[in-house]
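**Student:** Give me a model of this one.
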Amino acid sequence: MFNIIIFGAPGSGKGTQGQILTDRYQLTHISTGEVLREKIRKQTPLGKLADEYISKGQLVPDNVVIDILTKFFADNPTSNGYIFDGFPRTLRQGEAMDEMLAEKNESINVVLWLDVDDDELVERLVNRGKEMGRNDDNLETIKSRLKVYYQKTAPLKKFYSKQGKLVKINGMGTVEEIFSRIEKVIDSLSTKI
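**Tutor:** Residues are numbered from 1 along each chain as shown. Here you go, the predicted model:
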């Protein structure tokens, strides 16, 4: 089993690259952001709670997101491996994921950090907001999301670097160029996929 975290700021391309990785390597993909946006669309109690945070550019509380991951594992007990997109977003979530994987005698193999300049992130998010109609992709919320990322999520770089699992990927360029860089890393790390 091969387990990958796609890590980066909002707009770094985690979802796009996660989907390509899923197709290329036949892994099971989870995007906690997509799960939450679906709950918001359906106006479930969880969706209403999540919307209160997401619409302000804040992170959904750790316990809610950890519960989503717990349910995801229960619903997907067999897999060649997992691609985690948008999870973990805090140190507590990273520790919880390590614990959950350890219970399955598994661990994260690699954390792919998509490194993208802030100006490019803002441009990508504003464009995505226009194209996809995402309420959380407006300039005010984007600035808040980036601030939260640097305060709460970026410290995970140190957490995974200490484990020897963090690999920095240049996240600038075309989707294909970025995936080519990712593919080289994955192929050099494992023959398991």
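**Student:** Go ahead and list the helix or strand containing the closest residue to G57 other than its chain neighbours.
**Tutor:** Nearest non-adjacent residue to G57, counting by CB to CB, 6 or more residues apart in numbering: S144, 2.9 Å away. Every C-beta, even on glycine, is put in place using the N, C-alpha and C of the backbone. Assigned by DSSP states H and E, S144 belongs to helix 139-148.
**Student:** what about the residue lying closest to L101 once chain neighbours are set aside, how many neighbours?
**Tutor:** Of all residues not flanking L101 in the chain, S107 sits nearest, at 5.3 Å (CB to CB, 6+ apart). Applying other CB atoms under 10 Å, we find 13 residues neighbouring S107.
**Student:** What values do phi and psi take at the most centrally placed residue in the chain?
**Tutor:** Centroid-nearest residue in the chain: G86, 2.0 Å away (criterion: CA atoms, centre = their mean). For G86, the backbone dihedrals are phi 80, psi 10 (criterion: degrees, to the nearest 10).
**Student:** Number the chain from 11, please
**Tutor:** OK, 11 is where the count begins now, so the last one is G96.
**Student:** ok, it to L156 distance?
**Tutor:** According to CB to CB, to the nearest Å, G96 and L156 sit 15 Å apart.
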